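1. quick one, fold the following:
(chains A and B)
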Amino acid sequence: MSQRSDNIGEVPTNNDTMQVATRLLGRIRSELLELDGTFGVDSDLFAAGLDSMAIMQLVLMLEDEFNVKLPDCSITRTTFATARQIAEAVATARAQS
Amino acid sequence: MSVTQAGRTELSGADWFLVSVEQMMRAAGQGEHAGLTVLRLGPGFKIDALRAAPARLAEASPIAAARLRKPILGVPRWQWNENAHANFPVSEERGAWENVGVDLLNATPESPVKFVVLPEADGRVTVLVRWRHGLLDGKGVELFLAEIARLADEKAEPSRENSWGPPAPRTQGWRAFAREAEKFKDHFYELSKLGIRSLGGTKAKAAEARFFVEEFSIEETARIAARAEEVTHGVFQMGWFLSATMRMHLAVLERRGETAESFQSGCAVQQRKRGARHPIWQNQVSQLFFHMLPPELADHASAARRLNEQFGEQTRQRLDAAFAAMTRLFRRLPSRLYLRMLLRNSGGHLTSFFFSHTGEFLPECKTFCGAAVEDGWHIPSVSQPPGTGVFFSQRGGKLAATISWREGSISNKELELMRSKMREDLLGI
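-> Presented below is the predicted three-dimensional model:
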């Protein structure tokens, strides 16, 4: 069954953030969610089955792979809605650290 | 794994735990470890579509007709004759779904899955699905129902690939595997030192399965989510609901004039990839284990935060993978020895209670055999010990909480106390 790609909305993003989003999506695809080829950085992760355990694993993945600890206030449904939005939260956390 | 090749499959670690507990239940007169799934459907249900689909899925699911084979100190297996197919019967009955459901849970039908259709006067239908927990977990039942719904479309063919098989271990080499299991052993023994209490006590005895489903309205569910937001951030629900469950049990003990050394409960961690349609069969879960001392449960929100911290700590240590490695090793234990070890380390209680929050119920299906899926939830039966379980899920913005127990583990007044304590914590009333 293919996953419907629900694009939540594209926003202008710089190259670094796009790279992070793409890398993240690759990890999500290989380890956490069953995604088809149309699923992109703006597709709805919750609609694809993202749950609390997967979010916790993503939080730890960000610490291991990108050396970023997201502040508690960033761990919300909005942040984890798409790979791009997670990547933007990573960029913000890096800028503030 | 295609149907033409497979004649057997290993049990998963979770399968062997459940089958071992089921053997305790059968010996004590509690019957099979079953689950009941309730589907509330709108008008338009086509029973003929439901009658046709299960037989086709049964042909593609020889594991449903499997027998258990356990060599001494060997890995247990489901084995089947490829010509033998299970039967997933569909019957129509009248009556209140709760009464029919209790009878179904306490019966031991010959088939691992059974459908009972209960038509209602307004054209709506309730479908009860009774399933054997040794062969299916809650997510597996949802995937099973999604496959039935798909097959009800006559053009669809049953999927024959990857429908069963234990989860592949994350670590492949034996030494790395043993090191991974060791992490859980240390955690397990720390928990064992605390001592626990259950409401049913330690005696395994004949007792019927009972349940009550608390249905919250859309407005109440939104209110619960708003109250929980500061703790859950809208994403980490488990601690909020597990805290409420522990406090429900503590309230009953306090009314009895007792207390608990601690409360401990496992929470299932799904090992399937989210969004995958398979595997349907076998228990594809690991566990994380949470514990609280009674003084830590004085405030619901604080306890919920502490439980979410435990969630983070245990995920960081990959204790779910460690537990999965441990239970894979334990498959070689004879079930009596396995159970004796679990009971000894838990003071005879097995656990304080069973618990889950499975999130959105049956997200794969908007319709089922021609009718809209308006609501639904799972009702697992529980063993005695420990005697009780509380299970949450949500559909269409409405939360459902199932309280399951064994007759005699709680009284009617204690059930009412649990319900009121739960509503007080979740709704703030």
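
2. use CA for all of it now, contacts and neighbours both
-> OK.

3. flag every residue of chain B that's near chain A.
-> For chain B, the residues in contact with chain A (Cα under 8 Å from any Cα of the partner chain) are B:233-237, B:269, B:273-277, B:312, B:315-316, B:359.

4. out of those, who's the most crowded?
-> residue B:236 (24 neighbours; other Cα atoms under 10 Å in any protein chain shown).

5. enumerate the residues of chain A near chain B.
-> So chain A meets chain B at A:1, A:3, A:31-35, A:48-53, A:55-57, A:60, A:73, A:75-77 (Cα under 8 Å from any Cα).

6. may I see the ChimeraX selection of the buried members of those?
-> The ChimeraX command for the buried members of the residues of chain A next to chain B (criterion: 16 or more other Cα atoms under 10 Å in any protein chain shown) is given here:
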select /A:3,32,33,34,35,48,49,50,51,52,53,55,56,57,60,75,76
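
7. ok, which stretches of the stretch 51-200 of chain B are helices?
-> Remark: helices assigned in the stretch 51-200 of chain B by DSSP state H, counting those that start in this stretch are B:97-106, B:138-151, B:174-194.

8. need the winner for burial among those.
-> helix B:138-151 (a mean of 23; mean count of other Cα atoms under 10 Å in any protein chain shown).

9. which neighbouring elements make contact with that one?
-> helix B:47-59 (3 or more Cα pairs under 8 Å, 6 or more residues apart in numbering or on different chains; DSSP states H and E).

10. buried residues, the helix it packs on. List them.
-> Buried residues in helix B:47-59, counted by 16+ other Cα under 10 Å: B:47, B:49, B:50, B:51, B:52, B:53, B:54, B:55, B:56, B:57, B:58, B:59.

11. same question for stretch B:258-278.
-> For stretch B:258-278, by 16+ other Cα under 10 Å, it's B:259-260, B:262-278.

12. next up, the contacts around residue B:211.
-> Applying Cα atoms under 8 Å, 6 or more residues apart in numbering or on different chains, we find residue B:211 in contact with B:102, B:379, B:381, B:402, B:403, B:404, B:405.

13. just checking, the second one touches residue B:36?
-> Yes. At 4.9 Å, residue B:379 counts as touching residue B:36 under the criterion of Cα atoms under 8 Å.

14. what is the rounded mean pLDDT of the longest helix anywhere in chain A?
-> Longest helix in chain A by number of residues (criterion: DSSP state H): helix A:15-31. Average pLDDT, helix A:15-31: 93.

15. one more: stretch B:326-344?
-> Mean predicted confidence for stretch B:326-344 is 94.

16. can you pull the buried residues of that stretch?
-> For stretch B:326-344, using 16+ other Cα under 10 Å, the buried residues are B:326-328, B:330-335, B:338-339, B:342-343.

17. send the alpha carbons of it over as CSV?
-> Extracted as CSV, the C-alpha positions of stretch B:326-344 are listed here (Å, rounded to 0.1, in the frame of the first residue of the first chain):
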residue,chain,number,x,y,z
MET,B,326,16.7,-11.2,26.2
THR,B,327,13.3,-12.7,25.3
ARG,B,328,14.7,-14.3,22.2
LEU,B,329,17.2,-16.1,24.5
PHE,B,330,14.3,-17.0,26.9
ARG,B,331,12.5,-18.8,24.1
ARG,B,332,14.6,-21.9,24.8
LEU,B,333,13.3,-22.1,28.4
PRO,B,334,10.5,-24.5,29.0
SER,B,335,7.4,-22.4,29.7
ARG,B,336,7.0,-23.6,33.3
LEU,B,337,10.6,-22.6,34.1
TYR,B,338,10.2,-19.3,32.3
LEU,B,339,7.0,-18.5,34.2
ARG,B,340,8.5,-19.6,37.5
MET,B,341,11.4,-17.2,36.9
LEU,B,342,9.1,-14.3,36.0
LEU,B,343,6.8,-14.9,39.0
ARG,B,344,9.8,-15.3,41.4
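
18. name the surrounding residues that touch that stretch.
-> B:11-14, B:16-17, B:19-21, B:23-24, B:72-76, B:180-182, B:184-185, B:348-350.

19. so who does the most centrally placed residue in chain A touch?
-> The centre of chain A sits closest to residue A:83, judged by Cα atoms, centre = their mean, with a distance of 2.8 Å. If you count contacts by Cα under 8 Å, 6+ apart, residue A:83 has them with A:21, A:22, A:24, A:25, A:40, A:41, A:42, A:43, A:45.

20. at 10 Å what do you get?
-> A:17-18, A:20-26, A:28, A:40-45, A:89 (Cα atoms under 10 Å, 6 or more residues apart in numbering or on different chains).

21. for the buried residues of stretch B:326-344, work out which two are farthest apart.
-> B:328 and B:343 (18.6 Å; Cα to Cα).

22. so where's the stretch 51-200 of chain B uncertain?
-> B:154, B:171 (pLDDT under 70).

23. excluding chain neighbours, what is closest to residue B:132?
-> residue B:34 (4.7 Å; Cα to Cα, 6 or more residues apart in numbering or on different chains).

24. and the furthest pair within the residues of chain B next to chain A?
-> Going by Cα to Cα, the pair spanning those furthest: B:233 and B:277, at 28.8 Å.

25. circling back: okay, and which of the residues of chain B next to chain A map to helices?
-> Short answer: these in helices (DSSP H) are B:312, B:315, B:316.

26. how about these in a markdown table, adding distance to residue B:413?
-> Formatted as a markdown table, those follow (distance: Cα to Cα, whole Å):
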| residue | distance to residue B:413 |
| --- | --- |
| B:312 | 36 |
| B:315 | 38 |
| B:316 | 41 |
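
27. tell me the contacts of the residue lying closest to residue B:77 once chain neighbours are set aside?
-> Distances taken as Cα to Cα, 6+ apart place residue B:10 nearest to residue B:77, at 4.3 Å, with adjacent residues excluded. Each residue near residue B:10 by Cα under 10 Å, 6+ apart is listed here: B:16, B:68-70, B:75-79, B:164-166, B:282, B:331.

28. one more pass at 8 Å, please.
-> B:75, B:76, B:77, B:78, B:165, B:166.

29. distance of the residue lying closest to the fifth one once chain neighbours are set aside from residue B:299?
-> When you say that, I think you mean residue B:165. In space, and not counting its chain neighbours, residue B:165 is closest to residue B:9: 6.1 Å by Cα to Cα, 6+ apart. Residue B:9 sits 47 Å away from residue B:299, going by Cα to Cα, to the nearest Å.

30. the two: which is more packed in?
-> residue B:9 (20 against 13).

31. what pairs with residue B:128 across the strands?
-> residue B:38, residue B:116 (DSSP bridges).

32. so, low pLDDT: which residues of chain A?
-> Looking at chain A by pLDDT under 70, you get A:1-13.
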